[in-house]
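Asks: Starting from these lines, generate the structure:
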Amino acid sequence: MTHLNLEMKTKAELEAKYNDPTPLKMWGTVGARNRSGVAPLGGETDYGSAGVARHDYIIGPKGEVRWAKSNNIVPGDILEMAVADGVIDIAVRNRTEEVRIVEDEEFFAQYRANREKYGYSAEEKFEMRAAFGDEEVIDIITGKVVAL
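Replies: Residues are numbered from 1 along each chain as shown. Reported below is the predicted structural model:
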């Protein structure tokens, strides 16, 4: 059961988003605002025009973009900006998002199976009681009420 949808974007749409020259009062331009806080892809010693270190990535076995150090799939906004900057192709971005959907579904299936098998620890239940008191607590991933 897939809960995530792959939003297909074009290279032109991404370039417009991350390179929009429309002035803003506080951020310079719309493009600069969209780039704010987004880590650029590249080599570890590679620095972008703003002097920000770019981060090493690899292409995984299914054609997806992963962080070189952790092997995790690179976040979507970083992929989008990399397409806009010409670092990766739009097809690589789209393939990465397809792989992310599959891996996320596998992760959540395993999470649900583990919760079914092991339940919640005493510490987790204590923290839920401390945070929510007498309120009914529902695990948003499993959709089940947690017996406190």
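
Asks: hey, let's count contacts and neighbours off CA atoms from now on
Replies: Will do.

Asks: ok now the longest helix along the chain, how far from the chain's centre?
Replies: For the chain, the longest helix by residue count, based on DSSP state H, is helix 90-118. Helix 90-118 sits 12 Å away from the centroid of its parent chain (Cα atoms, centre = their mean, to the nearest Å).

Asks: swap in stretch 137-148?
Replies: A distance of 24 Å separates the centroid of the chain from that of stretch 137-148, by Cα atoms, centre = their mean.

Asks: residues near residue 98, how many?
Replies: Neighbour count for residue 98, taken as other Cα atoms under 10 Å: 17.

Asks: no no, residue 30
Replies: Number of residues near residue 30 (other Cα under 10 Å) recorded here: 20.

Asks: same question, the one 5 residues further on
Replies: The number of residues packed near residue 35 is 17, by other Cα under 10 Å.

Asks: likewise the one 4 residues further on?
Replies: Applying the criterion other Cα under 10 Å, we find 18 residues in the vicinity of residue 39.

Asks: Run through the residues that contact residue 99.
Replies: Listed by Cα atoms under 8 Å, 6 or more residues apart in numbering, the contact set of residue 99 reads 62, 64.

Asks: circling back: and the longest helix of the chain, what's its mean pLDDT?
Replies: What helix 90-118 shows for mean pLDDT is 96.

Asks: Which residue, other than its chain neighbours, is closest to residue 73?
Replies: residue 66 (4.3 Å; Cα to Cα, 6 or more residues apart in numbering).

Asks: swap in residue 67?
Replies: Once flanking residues are discounted, residue 67 sits nearest to residue 57: 4.4 Å by Cα to Cα, 6+ apart.

Asks: Is residue 58 located within a helix, as I assumed?
Replies: No: going by DSSP: H, G, I helix; E, B strand; the rest coil, the assignment for residue 58 is strand, not a helix.

Asks: I'd assumed residue 65 was in contact with it.
Replies: Yes: counting by Cα atoms under 8 Å, residue 58 does reach residue 65; the two are 5.9 Å apart.

Asks: Give me the more crowded residue out of the two.
Replies: For residue 58 versus residue 65, the count of surrounding residues by other Cα under 10 Å is larger for residue 65: 26 against 17.

Asks: if we can go back for a sec, for the residue nearest to residue 73, list each beta-bridge partner.
Replies: With DSSP bridges as the criterion, the beta-bridge partners of residue 66 are residue 58, residue 73.
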